[in-house]
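**Q** My questions concern the predicted model and sequence given below.
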Amino acid sequence: MACFLVPMAEAVITDLIIKKMGKETSRSANGAETIFGYTPVTAFSAGSHEFKWLSQLLWGVSLILMLEHLWTGEVTLTFPFLTALSSHADTMVMIDEISTTGVMTSIMTTLVWFVAVLFSRRTSITYSYQRIF
């Protein structure tokens, strides 16, 4: 009924992290305070494109789930938008779905992203060694 809200919230948080990392990177380039010559954000800045992958995956999952709920009539384009908000019993079912299906969808999407990041880092190291030899 509203399980798409959890991956959407995670996508918003991921976008805020990406935005924050961009500001920190530009601030460090302008001579901000460093620790032993490195800014604290350097490790994360190197993988900011990977966080964009996560954001895109989460937004895609949210969009697909939203369209599916719109198709089945669980979400409407008129107020209250979520049909489960029309009665107390339906609202409790919606909260249960958010806490189970929505959370599991976010966890699985993040896990798929994590495996993709590990694989891409592993293959990039392998290819760099092959170029040397």
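**A** Ah, there it is.

**Q** helices and strands of the chain: which one bottoms out on pLDDT?
**A** Taking mean pLDDT, DSSP states H and E as the measure, the chain has helix 42-45 as its least confident helix or strand, at a mean of 46.

**Q** Next secondary structure after that one?
**A** Using DSSP states H and E, the helix or strand that directly follows helix 42-45 along the chain is helix 48-72.

**Q** what does that next one rub up against?
**A** Here helix 48-72 makes contact (Cβ atoms under 8 Å, 6 or more residues apart in numbering) with 1-4, 7-8, 10-11, 14-15, 17-18, 21-22, 25, 44, 75-77, 105-106, 109-110, 112-113, 116-117, 120. Yep, even glycine has a C-beta here, placed from its N, CA and C like the rest.

**Q** Please point out which parts of whichever strand or helix holds Phe114 sit buried.
**A** Using DSSP H and E, Phe114 sits in helix 103-132. By 16 or more other Cβ atoms under 10 Å, the buried positions in helix 103-132 come out as 105-106, 109-110, 113, 117.

**Q** With stretch 91-103 instead?
**A** 94, 97-98, 101-102.

**Q** Over to stretch 57-66?
**A** 57-59, 61-62, 65-66.

**Q** got the CA coordinates for it in CSV?
**A** Output of stretch 57-66 as CSV, limited to C-alpha atoms (Å, rounded to 0.1, in the frame of the first residue of the first chain):
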residue,chain,number,x,y,z
LEU,A,57,18.6,2.3,-7.8
LEU,A,58,16.5,3.5,-4.9
TRP,A,59,14.6,6.1,-7.0
GLY,A,60,14.0,3.5,-9.6
VAL,A,61,12.6,1.0,-7.1
SER,A,62,10.4,3.7,-5.6
LEU,A,63,9.1,4.7,-9.0
ILE,A,64,8.3,1.1,-10.1
LEU,A,65,6.6,0.4,-6.8
MET,A,66,4.6,3.6,-7.0
